[in-house]
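Visitor: Turn this into a structure:
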Amino acid sequence: MRAEDDDAKVSLRAVVADQIRDAIVAGRLPPGHRLREEDIALQYGASRLPVREAFAQLKAEGFISLVRYRGAAVAVPAPSTGAELNAVRQSLEGLAARQAAQRRGGTQAADLRAVVEEGRRQVARHEYADLPKLTERFHSLVAQASGNSQLGELLSQLRYKMSWIFRVDLPERSANSWHDHEEILEAIVAGFPTVAEALMVRHVGEDLRIYRHLALDLRDGNTNGSNRHIAPT
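Guide: Numbers count the residues shown, from 1 in each chain. Below you'll find the predicted structure:
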C-alpha cells in the first residue's frame, strides 16, 4: 500500500503543478498573484504536502516565487528574462532548421508548406487571430523535421515558457514573419542547411530586437498607448 500511496502523491503533485502552470501561462493567474497552500489543498481535496511539492517544482521552473513567511506567488519575470530565453531559442531553432534541411524536411515537408501557405493567405486577408497557432505549428514541424527528438522536446518546453512571457502578437510583424517562414521552408526542402540555419537565426533575432525595443519603451514610460508584448514568431 505504501508504494500505491507514494504513486498517488506523485500523481496529485503533478496534477496540481500542471494546472497551476497552465493557469499562469494562460494569464488566469497574473504575475504577483498570491497562491495559498490551504486554498489549493482544499480545491483538490488534498493535504498540503503535494501542494507544497508542486510549489517547489514550479519554483524550480521559474513560474512562481517562494518567500519565507509570505508564501508563494506567481513570479514576476525580470526584464532580462525574455531576452535570455529568446537568445537560447535563437540557437536551438537555428540548429533545428539546419538538421531539418539535412533531411530536406523529412515527412514534414508537405505539412510545412501547407502551414506556410495558410499563414500567407491569412496575412493577405489581414486575419491575425489564428496566426499565433499557425506560427507554433510551423516551428513545431521544423523541430520534428530535424529528426532530433531531444531538440524537439527542449524547444517545446522553451516555447511554452515563452508563451507566458510574450502574451500578445504584433500584427505588423506578421507579414515579415510569414515571409521569413517561407524563406526558411524553401531552404529546408532544398537541402541547404547553412542557409536554413542562418535564416532562422535572423528570424528569431528580429523578435529579440523588437523585444528589447519594447522593453526600453516600457522602462522609459513610452508605450504609445499600448501595453503590448511580442509573441514568438
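Visitor: For the protein, which residues score under the pLDDT cut-off?
Guide: Applying pLDDT under 70 to the chain flags residues 1-10, 167-175, 210-233.
Visitor: which residue sits closest to Val201, ignoring its sequence neighbours?
Guide: Setting aside the residues directly before and after it, Val201 is nearest to Gly94 in space (C-beta to C-beta, 6 or more residues apart in numbering), at 4.2 Å. Placement of C-beta: from N, CA and C, glycine included.
Visitor: which residue ranges form the helices in this structure?
Guide: Taking DSSP state H as the criterion, the chain contains helices spanning 2-26, 37-44, 48-61, 79-102, 109-124, 131-145, 149-165, 171-190, 193-220.
Visitor: Could you look over those and pick the most buried one?
Guide: Counting by mean count of other C-beta atoms under 10 Å, helix 131-145 has the highest mean neighbour count of the helices of the chain, with a mean of 21.
Visitor: Name the surrounding residues that touch that one.
Guide: Residues outside helix 131-145 that contact it (C-beta atoms under 8 Å, 6 or more residues apart in numbering): 93, 96-97, 99-100, 103, 105-109, 111-112, 115-116, 118-119, 122-123, 151-152, 155-156, 159, 169, 174, 177-178, 181, 184, 188, 200, 231-233.
Visitor: gap between Arg104 and Leu141?
Guide: Distance of Arg104 to Leu141, computed by C-beta to C-beta, to the nearest Å: 13 Å.
Visitor: Ala23 contacts Leu29, correct?
Guide: Yes: with contact defined as C-beta atoms under 8 Å, Ala23 reaches Leu29; the gap is 4.6 Å.
Visitor: circling back to that earlier point, I'd like the helices of the chain written out as CSV, with distance to Val67 added.
Guide: Shown next, in CSV, are these (distance: least, C-beta to C-beta, whole Å):
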stretch, distance to Val67
helix 2-26, 17
helix 37-44, 13
helix 48-61, 10
helix 79-102, 18
helix 109-124, 43
helix 131-145, 33
helix 149-165, 20
helix 171-190, 37
helix 193-220, 25
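Visitor: For Ala72, which of the ones you listed is the nearest?
Guide: helix 48-61 (4.9 Å; C-beta to C-beta).
Visitor: who does that closest one touch, helix- and strand-wise?
Guide: Applying 3 or more C-beta pairs under 8 Å, 6 or more residues apart in numbering; DSSP states H and E, one finds that helix 48-61 contacts helix 2-26, helix 37-44, strand 64-67.
Visitor: and it with helix 37-44, angle?
Guide: Angle of helix 48-61 versus helix 37-44, following axes from the mean of the first three to the mean of the last three C-alpha atoms, to 10 degrees, is 110 degrees.
Visitor: hmm, who's touching helix 48-61?
Guide: Outside of helix 48-61, the residues within contact range by C-beta under 8 Å, 6+ apart are 9, 12-14, 16-17, 20-21, 35, 37-38, 40-41, 44, 64-66, 72, 161.
Visitor: Stretch 95-105 now?
Guide: Residues contacting stretch 95-105 (C-beta under 8 Å, 6+ apart): 106, 108, 112, 139, 142-143, 145-148, 151-152, 155, 184-185, 187-197, 199-200.
Visitor: hmm, try it at 7 Å
Guide: Contacts to stretch 95-105, defined as C-beta atoms under 7 Å, 6 or more residues apart in numbering, come from residues 112, 142-143, 145-148, 151, 155, 184, 187-189, 191-193, 196-197, 200.
Visitor: Which residue, other than its chain neighbours, is closest to Arg202?
Guide: Nearest residue to Arg202, sequence neighbours excluded (C-beta to C-beta, 6+ apart): Asp180, at 7.6 Å.
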